[in-house]
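Q: I'll drop the sequence and a predicted model, then ask my questions.
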Amino acid sequence: MSFLRPGALCVALAAAFPAVATAASDADLKQLRQQIKELRDSYQQRIEALERRLAETEQRAAGAATAAAAAGSTATSAVQSVAKAEAQAAEAQAAAASVARRPVSESAFNPSVSLIIDSKFTRFQRDPSAYRIDGFIPSGGEVGPPRKGFSLGESELAFSANVDHLFRANARFALAEDDGEGVVEVEEVNVETLGLSSGLKVKAGRFLSGVGYLNQQHPHEWDFTDAPLAYKAFFGPRLQNDGVQLRWVAPTDLFLEFGAEVASGQKFPAAERNRNGAGLWTAFAHLGGDIGASSAWQVGLSHVRANPRERGFEDGADAAGTPLAHSFSGRSQTWIADFVYKWAPNGNSSVTNLKVQGEYFQRRETGDLNYDVGGLAEATSAARFRQSGSYLQAVYQFMPHWRVGVRGDWLRSGTADLGGLDPAGLPLLAAYNPSRQSAMVDWSPSEFSRLRLQLARDKSRNGESDNQVWLQYIMSLGAHGAHKF
Amino acid sequence: MYSKLMFHLAALVLAVLALPAAAALNVFATVPEWAALAKEIGGERVQVFSATNALQDPHRIEAKPSLIARARASQLVVATGADLEIGWLPVVLRESGNAAIQPGQPAYFEAASAVRLIEVPARLDRADGDVHPGGNPHIQTDPRNVLKVAEALAGRMSRVDPAGAGAYSANLARFSERWKVAMVRWEQAAAPLRGVPVWVQHRSFAYMADWLGIKELGALEPKPGVEPGSAHLAGLLERQKATPARMILRAAYSRPTASDWLGDRAGIPVVVLPFTVGGSPTAADLVSFFDDTVQRLLGGLR
């Protein structure tokens, strides 16, 4: 206010001045000028005093401000970086909003699709079409090696997606060629629950059984080009069920899982059937954990039970060359003990790692063997089989992308108790212990491709050793399927 | 026999369901940095498990049985997201039989959802290496991101465990105050790093480079996740002559071969950064992780 006052006064004086000049005399005018001069001087002094005080205050303020700036530069830059962070957050929100606004087409809900192509080049000493595992009733599945030379194996086409908030569905088809005709095999089509809690999970449809360790893995995940002999002989070459599976994971720090399956049992070790109810049951338990940061392990115990009726197989031929068709009816029980151990320095598997796995199978079958003696004659006899098999393999990644592995396979046909039948009529069931040794080296430039060379000496056939060379590639296209342990 | 087995199984399930829920919130963090952050925000109320350690390549983790067991018992999953864990986490979550922690549920939290991702690929092709469609997932190398994730995580923890909301917001306030002060300290200390050209082993430090103004000339990996070959490294050495970098950065978990080769030839230091909590002996928590990172970067300048 004190700054405004002299200015206001001057304005007032100036406004009054013309009137005064006309009314007053020269003397009055002189006096008036004198008074104004005095007034001006006095205000001038006061203004100067005020200005001095202002300057002093300003100086003090500046001093205080510099002190404050020195002390609080941290605060200002903190404010700056927070402001920056806030701005970025706003930006992120804006970006998110723009994504949210983007119109979504129907295709956004497409299931994840993956295609696995698998091709082989092989060199065998023996005819792969005459492949058999001596000492064992044929499992009827695709257990033999592919044909000699170049062969296009199975291409796997897989779809999977969440159906809704409760279910997830998986479908996996194998596309192959059989005698020049395209064949589509339904490997897996199942639905599993998402919404169950307390560690429970139910799966229904066609699925790979949870028994053993390797059974659930798809061929492209195998560490060798073909399945272990034990899987070929006991499950031909894997146990695939149409049924229901229940799994439960215990709420413990150690991994403990129980599972049970009920299935139709249309395939080996069961047999095609036309009845209500189930034909195959399984139960399994897995236990797993870590040893320090570097090692992880898992062990399992599984049981498979089936009641095959007239499970047929061919062995020998009659005088006319017609194969003799025999069949087995009874009870088949298989026990599997499995383990897997993985090691990587500090758990970092990208440079070097080791994986050792092994499984032991034991099967007991008791029932009746219906034996075709040629012509129309048949004979039936009580029969008992007690057979076992195992494999042990180790795969070592010695540098990024490169792995080497060895595998040993052993089967024991045991002694078949054929009751009153003449064992000579069933050459396939003559006691024999098949074995095989394999070695492989593979190169995986990325997670999606793998090239493999495998050498094997296969003694599945009694007295016929088969030296095998396999060259294989496996390529994965599409969705990035996460693999199990 | 089977009906008996099923009966026992059912009895066991019921017995376990009847158990009282553990007092602490069990948090399953996929990587050490979010485990450390969950501890900061959760304090006494949480029990945190880190699925991986700092010396593991986060891109190559397996769905180990121990992880499934831990996920089964957890009430909150803290993942990075942006497809970093795509190779193992989906299997672990599905196998766990724990409906609460499935993606989309409140108890499934992705840190990447709280920050703006950079290096979002313009085209998606596996020929470009191990690309992440959502953008670069290594967000923890920028403390500004950590703060944003902390805020989002505190909100999520309050949602999952409403009884602890007060404690979480108080812990968040304490953490963010401490963090902001520390950030100023790091920014001031790291001022000499502004504009410094570097090579990186993998695109692990894009967010850190953005924060400190470090100039990344390129990666030693020809493509993300692909090991550099000798021809590629020789090419980098040529580029180093034309546009010299001051140092090579690599994460603690990555293989030293390529960076050491180039460092030797180019006569520049290879700076091994902790990359996450536990990546170096001194990086014991989030603050010391950044302290150590800045110190190591400054050490590379000398």
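A: Cool, got the structure. Because the structure is predicted, anything quoted here is derived from the model rather than measured.
Q: Not counting its neighbours along the chain, what's nearest residue B:103?
A: Of all residues not flanking residue B:103 in the chain, residue B:93 sits nearest, at 7.2 Å (Cβ to Cβ, 6 or more residues apart in numbering or on different chains). (Each C-beta comes from the backbone N, C-alpha and C, glycine too.)
Q: Let me see the contact set for the one you found.
A: B:71, B:77, B:101, B:102, B:103, B:108 (Cβ atoms under 8 Å, 6 or more residues apart in numbering or on different chains).
Q: switch the cut-off to 10 Å
A: A:194, A:482, B:28, B:63, B:67-68, B:71-72, B:74, B:77, B:79, B:85, B:99, B:101-103, B:105, B:108 (Cβ atoms under 10 Å, 6 or more residues apart in numbering or on different chains).
Q: does it belong to a helix or a strand, and which?
A: helix B:89-96 (DSSP states H and E).
Q: Repeat that for residue B:277.
A: Going by DSSP H and E, residue B:277 is not in any helix or strand.
Q: Does it touch residue B:52 like I think?
A: No - assessed by Cβ atoms under 10 Å, residue B:277 is found out of contact with residue B:52, at 11.2 Å.
Q: more neighbours, these two?
A: Taking neighbours as other Cβ atoms under 10 Å in any protein chain shown, residue B:277 and residue B:52 compare with residue B:277 leading, 27 against 24.
Q: Read off the pLDDT value for the more buried one.
A: Looking at residue B:277, its pLDDT stands at 96.
Q: Can you tell me how far it is from residue B:69?
A: In this view, residue B:277 and residue B:69 are 23 Å apart by Cβ to Cβ, to the nearest Å.
Q: now do residue A:356
A: 21 Å.
Q: which one of these two has more residues nearby?
A: Using other Cβ under 10 Å as the criterion, residue A:356 and residue B:69 rank with residue B:69 on top: 27 against 15.
Q: Which strand or helix spans the closest residue to residue B:110 other than its chain neighbours?
A: The shortest distance from residue B:110 to any non-neighbouring residue, by Cβ to Cβ, 6+ apart, is to residue B:81 (3.0 Å). Counting by DSSP H and E, no helix or strand carries residue B:81.
Q: do the same with residue B:290
A: helix B:286-301.
Q: List the buried residues for that helix?
A: B:286-297, B:300 (16 or more other Cβ atoms under 10 Å in any protein chain shown).
Q: related to what we said a few turns ago, intersection of neighbour lists for residue B:277 and residue B:52?
A: B:31, B:32, B:35.
Q: Could you give the number of residues near residue 45?
A: Answering for chain A, as no chain was given. If we define neighbours as other Cβ under 10 Å, then residue A:45 has 10 of them.
Q: if you could check chain B rather than the one you did, that'd help
A: 17.
Q: Likewise for residue B:126?
A: Neighbours of residue B:126 (other Cβ under 10 Å): 16.
Q: got a list of what it touches?
A: Residues near residue B:126 by Cβ under 10 Å, 6+ apart: A:446, A:447, A:448, A:449, A:476, A:477, A:478, A:480, B:223.
Q: for the last one, helix, strand, or coil?
A: To tie it back to what came earlier, the one meant is residue B:223. Assigned by DSSP: H, G, I helix; E, B strand; the rest coil, the conformation of residue B:223 is coil.
Q: what separates it from chain A, distance-wise?
A: 9 Å (Cβ to the nearest Cβ, to the nearest Å).
Q: need the contact list for the closest residue to that residue other than its chain neighbours.
A: Leaving aside its sequence neighbours, residue B:223 sits nearest to residue B:129 (Cβ to Cβ, 6+ apart; 2.9 Å). By Cβ under 10 Å, 6+ apart, residue B:129 lies in contact with A:446, B:203, B:219, B:221, B:222, B:223, B:224, B:225, B:226.
Q: again, but for residue A:299
A: Listed by Cβ under 10 Å, 6+ apart, the contact set of residue A:299 reads A:213, A:285, A:286, A:287, A:288, A:289, A:337, A:338, A:339, A:340, A:341, B:65.
Q: least confident pick among the buried residues of helix B:286-301?
A: Among the buried residues of helix B:286-301, residue B:300 carries the lowest pLDDT, at 93.
Q: how much space between it and residue B:117?
A: 27 Å.
Q: With residue A:438 instead?
A: 45 Å.
Q: excluding its backbone neighbours, what's nearest the residue of chain A at minimum distance from chain B?
A: Per Cβ to the nearest Cβ, residue A:288 is where chain A lies closest to chain B, at 2.7 Å. Distances taken as Cβ to Cβ, 6+ apart put residue B:65 closest to residue A:288, at 2.7 Å, once the chain neighbours are dropped.
Q: Touching, the one you found and residue A:286? I think so.
A: Yes - the pair residue B:65 and residue A:286 qualifies as a contact (Cβ under 10 Å) at a distance of 7.2 Å.
Q: quick one, domains of the chain?
A: Defaulting to chain A. A:4-101, A:115-478 (automatic domain parsing).
Q: actually it's chain B I care about, not the one you picked
A: Split by automatic domain parsing, chain B gives B:16-182, B:190-301.
Q: Checking residue B:262 next. Helix, strand or coil?
A: Strictly by three-state DSSP, residue B:262 counts as helix.
Q: got a list of what it touches?
A: Contacts for residue B:262 (Cβ under 10 Å, 6+ apart) come out as B:199, B:201, B:220, B:228, B:233-234, B:236-237, B:240, B:245, B:248, B:268, B:270.
Q: buried subset of the residues you listed?
A: Buried, going by 16+ other Cβ under 10 Å: B:199, B:201, B:220, B:228, B:233, B:236, B:240, B:245, B:248, B:268, B:270, out of the contacts of residue B:262.
Q: Do stretch B:172-191 and chain A come into contact?
A: Yes - using Cβ under 10 Å from any Cβ of the partner chain, stretch B:172-191 reaches chain A at B:176, B:177, B:180, B:181, B:183, B:184, B:185, B:186, B:187, B:188.
Q: on that earlier part again, in helices, which of the contacts of residue B:262 fall?
A: B:233, B:234, B:236, B:237, B:240 (DSSP state H).
Q: Go ahead and confirm the first one touches residue B:219.
A: No - no contact is recorded between residue B:233 and residue B:219 when judged using Cβ under 10 Å, the distance being 11.5 Å.
Q: thinking again about what came up before, how many residues are close by the residue nearest to residue B:110?
A: Residue B:81 has 24 nearby residues by other Cβ under 10 Å.
Q: can you check residue A:305 too?
A: Neighbours of residue A:305 (other Cβ under 10 Å): 18.
Q: Ok, residue A:427 next?
A: Residue A:427: 12 neighbours (other Cβ under 10 Å).
Q: list the buried ones in the helix or strand hosting residue A:409?
A: Assigned by DSSP H and E, residue A:409 belongs to strand A:402-412. Counting neighbours by 16+ other Cβ under 10 Å, one finds that the buried residues in strand A:402-412 are A:403, A:405, A:407, A:408, A:409, A:410, A:411, A:412.
Q: Same question for stretch A:344-357.
A: A:344, A:347, A:348, A:349, A:350, A:351, A:352, A:353, A:354, A:355, A:357.
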